[in-house]
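In: fold the stuff below for me.
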Amino acid sequence: MTEIQSPSELIRGISIFDLRSFLKSKGWQEIAHRNSKLSVFQGPVNDAGVPLELFLPYSNNFEDFDKRMYDIFRLISNLYEIEPLKLASLLKCFNRDNFFVKISPNDKSLFSIPLERAKKEIQGIRNLFVYSACSEKKALPHHVYPSTVGYQMAEKIRFGHTFHGSFGFSIETPVIEEFKQLDLFSPPIERRVIERIVRGIKDTTEAVTKKDPDILVANFSSGFNSRMCEAIVEMGNAFEIPIELSVQWAGNLPPSEDVLDFKSKMFGAEEISCLKYAAEKLKEVLPERTLIIGKVVNLHSNDPTSENGKRTIILKHYHEEYGNIDVRIELGISQYLQAIEAHKERDLLELQGLLERKGSVWLLEAVSDLKVLKK
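Out: Numbers count the residues shown, from 1 in each chain. Down below sits the predicted model:
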């Protein structure tokens, strides 16, 4: 077995909880011990028929913590005949999923990338996870803004080390946590978020293969919503080169059957094109006759009193499904003058019309029954 020259580097990122979890998965039993500073595990019997015992430090605050951890690590490595590097990789990913974004910079630099591009890449990765969490809470084709669960996900996921070979980003999501009971009927949201991302990646592959981007649109309830599509487009556009997306599942929690076989996927021009199309289609809301009420927040006209002039207002309206939305409305002369007056007096406007969304823009067409609601 190859001798490891840097023990501290080898066990860095491995917690006591990771070791405890691994031992329990192998059938070791935790037993009571009079020393409260130790966690004792009893495992398989040795050649003399005596059960093996391992003494784990109960806290990482001990002065010799690193030495104890490394000794236990080497013992496990020898006992189960797992190469140290492979065991380290296994333990670091035992209770958490890892999502990797791998890029190959145009200038062939493997050790650095422009800061501005890194910023866009990280923003894209962040949005991918945030809006995946939003759809786990409520599966919508388009989310105008992140919901609370999206912001919570941004706080929960961890930005891991970048890696070389190409240039890569790693995202860690804990799926099994110490002192937190695992739901036997549903995986934690951290796992469901990544599974949704993987389903979206697989849908994109199928869409490209079959030359049918509407596959992505049809599968928004289990895969990508519009914001997730845009997030990957942003990641790809940041470098104008293919990006490779891959996942390493937590060893302590198998993924769902439909994503079990996923390893990695390269996203190039065809995939980005499909995602752009799907993002726009998923934002569309078909016209529906609706009564809307709100305040005028903007007015624009090149000639308010001319029959040939254009008169447009923006109305802030609360939509039960999409929250606060800005609706663009074209009005006739008398209606526009009423809107001006309502804006001055800060009164509400009530209108009926065909409400629809094209891309990110809400429109009210065929307007009728405009009323000013006085305060």
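
In: strands of the stretch 1-150 of the chain, start to end?
Out: Using DSSP state E, counting those that start in this stretch, the strands of the stretch 1-150 of the chain run over residues 29-31, 38-45, 51-57, 96-103.

In: what would those strands look like in a markdown table with mean neighbour count, distance to Leu87 and mean pLDDT?
Out: Using the backbone N, CA and C atoms, a C-beta is placed for each residue, glycine as well. What follows is the strands of the stretch 1-150 of the chain, written out as a markdown table (neighbours: other CB atoms under 10 Å; distance: least, CB to CB, whole Å; pLDDT from 0 to 100):
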| stretch | mean neighbour count | distance to Leu87 | mean pLDDT |
| --- | --- | --- | --- |
| strand 29-31 | 12 | 20 | 90 |
| strand 38-45 | 15 | 16 | 87 |
| strand 51-57 | 15 | 15 | 87 |
| strand 96-103 | 21 | 16 | 91 |
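
In: would you turn the ones you listed into JSON lines with distance to Val130?
Out: Converted to JSON lines, the strands of the stretch 1-150 of the chain look like this (distance: least, CB to CB, whole Å):
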{"stretch": "strand 29-31", "distance to Val130": "37"}
{"stretch": "strand 38-45", "distance to Val130": "36"}
{"stretch": "strand 51-57", "distance to Val130": "36"}
{"stretch": "strand 96-103", "distance to Val130": "13"}
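
In: burial count for the residue found closest to Met69 once you drop the neighbours it is linked to in the chain?
Out: Sequence neighbours aside, Ile11 is the residue nearest to Met69 in space, at 5.2 Å (criterion: CB to CB, 6 or more residues apart in numbering). Neighbourhood size, Ile11 [other CB atoms under 10 Å]: 24.

In: next: Arg289.
Out: Other residues close to Arg289 by other CB under 10 Å number 10.

In: report the contact partners of the most centrally placed residue in the chain.
Out: Nearest to the geometric centre of the chain sits Phe129, at 0.9 Å (CA atoms, centre = their mean). Counting by CB atoms under 8 Å, 6 or more residues apart in numbering, Phe129 makes contact with Met153, Ala154, Ile157, Ile171, Thr173, Val193, Ile197.

In: hmm, Ile72 is touching Leu54, no?
Out: Yes: using CB atoms under 8 Å, Ile72 is in contact with Leu54, at 6.1 Å.

In: so the residue nearest to Met69 sits against Ala88, correct?
Out: Yes: if you go by CB under 8 Å, Ile11 and Ala88 touch, sitting 6.8 Å apart.

In: low-confidence regions, the stretch 51-200 of the chain specifically.
Out: Scanning the stretch 51-200 of the chain for pLDDT under 70 picks out 60-62, 104-111, 162-166, 179.

In: any idea where the helices of it begin and end?
Out: Along the stretch 51-200 of the chain, the segments classed as helices by DSSP state H, counting those that start in this stretch run 65-79, 84-92, 115-137, 148-156, 189-210.

In: can those helices go into CSV with extra columns for distance to Val367?
Out: Output for these, formatted as CSV (distance: least, CB to CB, whole Å):
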stretch, distance to Val367
helix 65-79, 69
helix 84-92, 59
helix 115-137, 32
helix 148-156, 34
helix 189-210, 37
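
In: residues contacting the closest residue in space to Arg192 that isn't next to it in sequence?
Out: In space, and not counting its chain neighbours, Arg192 is closest to Glu136: 5.1 Å by CB to CB, 6+ apart. If a contact means CB under 8 Å, 6+ apart, then Glu136 has Val149, Ile189, Arg192, Val193, Arg196 as its contacts.
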